[in-house]
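Trainee: Give me a 3D structure for the following:
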Amino acid sequence: MIVALAGGVGAARLLRGVQAVVAPDTVTAVVNTGDDIVLHGLHISPDLDTVTYTLAGAINPETGWGVTGETWAAMDALERYRGATWFRLGDKDLATHLYRTQRLGEGAPLSLVTREIASAWGVAVGLVPMSDDRVETRLVVDGQEIGFQEYFVGRQHSVPVESVRFDGVERARPGPGVLEALAGAERVVLCPSNPIVSIGPVLAVPGIEAAVRARRDDVVAVSPIVAGAAIKGPADHMLAELGHEPSVVGVARLYAPLAATLVVD
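Mentor: Here you go, the predicted model:
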């Protein structure tokens, strides 16, 4: 069994390759939920959805997020009321958030709802949120603390990050079966996601980093930095802003206590 710690786009693309060469039902992805946001009263899990849509072959290839063949009637209508449309939700994508919010309101844990959504999309890779408990990634920019999506989408990750914290993580518990999967995996993979705000929240859940460290010889990290830059997203300049070298060497230093092997493009 392979267990992968995953963020969004980079992890989704790696997992798509993995499921092409090994049996998908032997792969478990522990996915970051620190990026989750409640908007329009809906619980949105961007990384879980990006991984789900990608593994289902339904991801929008131009954006790397959302569903291919999407329409935007709901957002267009919302603009009439001058509603919050800075975080774009397509009509098909909205159905996922409506279903998730309904099931969570009925008392179902996020891990169960995630399995239901993945099954509906025909995804055989086991997708598990890092925790069923709320954890929110918060960043300080310009001396003000804001949520991750306001930084990433609202401000187009164009402002320097002064610090990062994961609100609520000290009270969070690992998702169901996560620690057992890490202990029993043949190989553990740290996907090519942002080390600070994608892999970082997963490792911050009590018990997960210790479980990964205990398997260090069997852990393979994949660098998200290629030729000194992130392929997608703010990983390179965020590393620099927070005092790390924005290079493969910087990634190696971050992951050295966790992984015996680093894959470099």
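Trainee: Count residues in the vicinity of residue 258, would you?
Mentor: By the criterion of other CB atoms under 10 Å, residue 258 has 18 neighbours. Every residue, glycine included, has its C-beta placed from N, CA and C.
Trainee: Give me the distance between residue 101 and residue 4.
Mentor: Computed as CB to CB, to the nearest Å, the residue 101 to residue 4 distance reads 27 Å.
Trainee: quick one: which of the two has more around it?
Mentor: Ranked by neighbour count (other CB under 10 Å), residue 101 and residue 4 place residue 4 first, with 25 against 17.
Trainee: Name the SS class of that one, please.
Mentor: Three-state call for residue 4 (DSSP: H, G, I helix; E, B strand; the rest coil): strand.
Trainee: That one reaches residue 22, doesn't it?
Mentor: No - counting by CB atoms under 8 Å, residue 4 does not reach residue 22; the two are 11.4 Å apart.
Trainee: I'd like the next helix or strand past the helix or strand hosting residue 13.
Mentor: Per DSSP states H and E: residue 13 is located in helix 9-21. Following helix 9-21 in sequence order, the next helix or strand is strand 27-31 (DSSP H and E).
Trainee: after that following strand, next one along is what?
Mentor: Going down the chain from strand 27-31, the next helix or strand is strand 37-39, by DSSP H and E.
Trainee: And residue 25, what's its pLDDT?
Mentor: In this model, residue 25 is scored at 96, pLDDT.
Trainee: Show the backbone phi and psi for the most far-flung residue of the chain relative to its centre.
Mentor: Largest separation from the mean C-alpha position in the chain: residue 80, at 31.9 Å (CA atoms, centre = their mean). Phi and psi for residue 80, reported as degrees, to the nearest 10, are phi -60, psi -40.
Trainee: Contacts only, for it.
Mentor: Counting by CB atoms under 8 Å, 6 or more residues apart in numbering, residue 80 touches no other residue.
Trainee: now it: how far from residue 73?
Mentor: Distance of residue 80 to residue 73, given as CB to CB: 11 Å.
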